[in-house]
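Chemist: have a look at this fold, sequence not included:
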DNA sequence: AATATTTATCGTAATATTGCAATATTAATT
DNA sequence: AATTAATATTGCAATATTACGATAAATATT
């Protein structure tokens, strides 16, 4: 137990869940916010922006990267992270799709 | 440890993280999908749709409800759940905002 | 080559999540 | 008032997540 039964669900469902889960932490939202705020997609001074230790932030970045939300490229001895627009637009598509279907439905019981 | 430092982050960040986290599980994505597929927002036969025991599904529904993504109204001895359009449109707004900011940015290093 | 800077990894403790069986609760039906 | 049907709650085991100190790895700079 404690393990998700990923086998049962569709690829799309698992993929979307992975993406949403990666975003589902305030530190990672804050990282995304910061990546947007800073014009160029600068990296490691995120450590100064958040109340977290460097290893913790590195871990959060890793999770965002594993999910595919951000990508990083080595830039000297620093690493430059930025949001993957393609992946984000997929996310947006999903949320849009659901919103549209919600509008189409007239029969709301709640 | 193991506890998220919610105190530090902004309300918006925490709220968005809570919403995303609630969606961040394939079973809950499947529940959302099902709620959309069924025209009226019927409830408890979700148990027949997913490979999960009834208590587990009840728990997932509770999490979606606590996050505000779905709402439920008592309908006889059954409960009718459906997605909260307002909350969903907030979610959509966030993903849209990020997508727009991404487009504005020319300077991508990755 | 030694040092500094930046990021990643390892190990570990605390807590949270996932899932289920058993049981309770609530409302309808007989 | 029993019985049935639909959900919720409780308690628990297995696993995952969050966070950090210590340390390693990689590249720049001196």
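Modeler: It's in. Because the structure is predicted, anything quoted here is derived from the model rather than measured.

Chemist: would you mind measuring from residue A:20 to chain B?
Modeler: 4 Å (CB to the nearest CB, to the nearest Å). For every residue, glycine as well, the C-beta is placed using N, CA and C.

Chemist: does that residue touch residue B:26 like I think?
Modeler: No - Residue A:20 is beyond contact range of residue B:26, at 9.9 Å (criterion: CB atoms under 8 Å).

Chemist: avg pLDDT for stretch A:60-71?
Modeler: The average pLDDT within stretch A:60-71 is 96.

Chemist: how far off centre is it?
Modeler: Centre-to-centre, stretch A:60-71 and its host chain are 7 Å apart (CA atoms, centre = their mean, to the nearest Å).

Chemist: do the same with stretch A:54-73
Modeler: 9 Å.

Chemist: separation between the residue nearest the centre of chain A and residue B:77?
Modeler: Per CA atoms, centre = their mean, the C-alpha nearest to the average position across chain A is that of residue A:23, at 3.9 Å. Using CB to CB, to the nearest Å, one obtains 37 Å as the distance from residue A:23 to residue B:77.

Chemist: what of residue A:45?
Modeler: To residue B:77, residue A:45 is 57 Å away according to CB to CB.

Chemist: so the two - more neighbours on which side?
Modeler: Per other CB atoms under 10 Å in any protein chain shown, whichever of residue A:45 and residue B:77 has more neighbours is residue A:45, with 10 against 6.
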